[in-house]
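> 3D, please:
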Amino acid sequence: MLRVWSFTTWCWLLPAIPFLWWQHTMGLPAFSWSTFTVRLWKPWLIGVAFGVADVLIIKCIMHPQPYDSLPPFLQPFPYSIFLYTAGAIEVEVYYRLIPLGLALWAIQKWVPARWQTFVFSLVAVLTALREPLEQWPDGAWWFVVYALASGLAMNVLQALYFKRQGFLGTLVLRLGHYSIWHIALGMYVSWVELAR
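As a prediction, this is how the structure comes out:
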C-alpha cells in the first residue's frame with residue numbers, strides 16, 4: 001500500500017488546523033515555518049540523540065547479527081521518509097497539539113498564575129506517559145527500564161518544547177528521532193545487511 005494518508009486519515013487531522021492557528025492564544029509562538037532554521041536545531045539534535053541511543057541499545061547490543069528481512073519498524077527508502085514523517089505528524093497532533101493545547105488554554109483561563117507552571121508540569125508528565133505505556137516493551141528487565149525511561153524522557157522534553165516553541169518544536173524533535181531510528185537504520189539494514 002503506497003498511500004501514506006487515506007481520506008479517513010486526513011479527516012482525523014482536520015481538528016489540528018484550528019489548534020495550529022490558535023497557538024498564540026495558548027501562550028505559544030505563532031505557527032510559522034520561518035522559525036525552522038532559527039530555533040529548531042536544538043530539538044532536532046535532541047531527537048537525533050534519542051535515535052542514536054535506540055540504535056546503539058536495540059540494534060548494536062540486542063540484535064548485532066544482520067537481519068534477514070526488514071523488521072516491522074523499518075520500511076524501504078524513500079518510502080520510509082513519507083511514512084515516518086506522516087506518522088510523526090499524526091502522533092504529535094494527538095499526543096501533544098490537541099491535549100496540551102487544550103490544557104494550556106484551560107490553565108491560563110482557570111488556574112491562578114502562581115500554580116500554572118506546576119499544573120502544566122503535571123499535565124506534561126501525565127501526557128508523556130501515554131506513548132511509553134502504549135508501547136510497553138518485551139524483553140529483559142533492563143531493556144524494559146531503558147525503553148520506558150527513554151520514552152518518558154523524550155515525551156517530557158517534547159512537552160517542554162511544545163510550550164517553548166509550539167507545534168514545530170515538538171514535531172522536529174520527533175522527526176530527529178525518526179530520522180535515525182526508522183529512516184537511517186532502515187537504509188543501513190536494506191543497503192548493507194540485506195545486500196550481503
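> and the helices in the chain?
7-13, 16-21, 36-39, 41-54, 79-92, 98-110, 113-128, 130-134, 141-165, 167-178, 185-188 (DSSP state H).
> which other residues reach the fifth one?
By that I understand helix 79-92. 2, 4-5, 9, 12-13, 74-75, 131, 158, 167, 170-171, 174-175, 178, 182-183, 186-187 (C-beta atoms under 8 Å, 6 or more residues apart in numbering). (Glycine included, C-beta is placed from N, CA and C.)
> and these, which of them are buried?
Among the contacts of helix 79-92, the ones that count as buried by 16 or more other C-beta atoms under 10 Å are 5, 74-75, 158, 167, 170-171, 174-175, 178, 182-183, 186.
> as JSON lines, those with distance to V123 would be great.
What follows is the buried ones among the contacts of helix 79-92, written out as JSON lines (distance: C-beta to C-beta, whole Å):
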{"residue": "W5", "distance to V123": "29"}
{"residue": "L74", "distance to V123": "33"}
{"residue": "Q75", "distance to V123": "33"}
{"residue": "Q158", "distance to V123": "13"}
{"residue": "F167", "distance to V123": "16"}
{"residue": "T170", "distance to V123": "14"}
{"residue": "L171", "distance to V123": "19"}
{"residue": "R174", "distance to V123": "19"}
{"residue": "L175", "distance to V123": "23"}
{"residue": "Y178", "distance to V123": "25"}
{"residue": "H182", "distance to V123": "28"}
{"residue": "I183", "distance to V123": "31"}
{"residue": "G186", "distance to V123": "34"}
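> now for the residues you listed, which pair is the farthest apart?
Using C-beta to C-beta, the buried ones among the contacts of helix 79-92 reach their maximum pairwise distance at L74 and F167, which is 26.6 Å.
> related to what we said a few turns ago, which of the helices of the chain is buried the deepest?
helix 167-178 (a mean of 25; mean count of other C-beta atoms under 10 Å).
> any idea how far that helix is from the chain center?
Relative to the centre of its chain, helix 167-178 is centred 6 Å away, using C-alpha atoms, centre = their mean, to the nearest Å.
> not counting that helix itself, show me its contacts.
Counting by C-beta under 8 Å, 6+ apart, helix 167-178 makes contact with 19-20, 23, 28, 31-33, 35-36, 39-40, 43-51, 54, 84-85, 87-89, 91-92, 96-97, 154, 157-159, 161-162, all of which sit outside it.
> can you do 6 Å?
Here helix 167-178 makes contact (C-beta atoms under 6 Å, 6 or more residues apart in numbering) with 40, 43-44, 46-48, 50-51, 84, 88, 92, 96-97, 158, 161-162.
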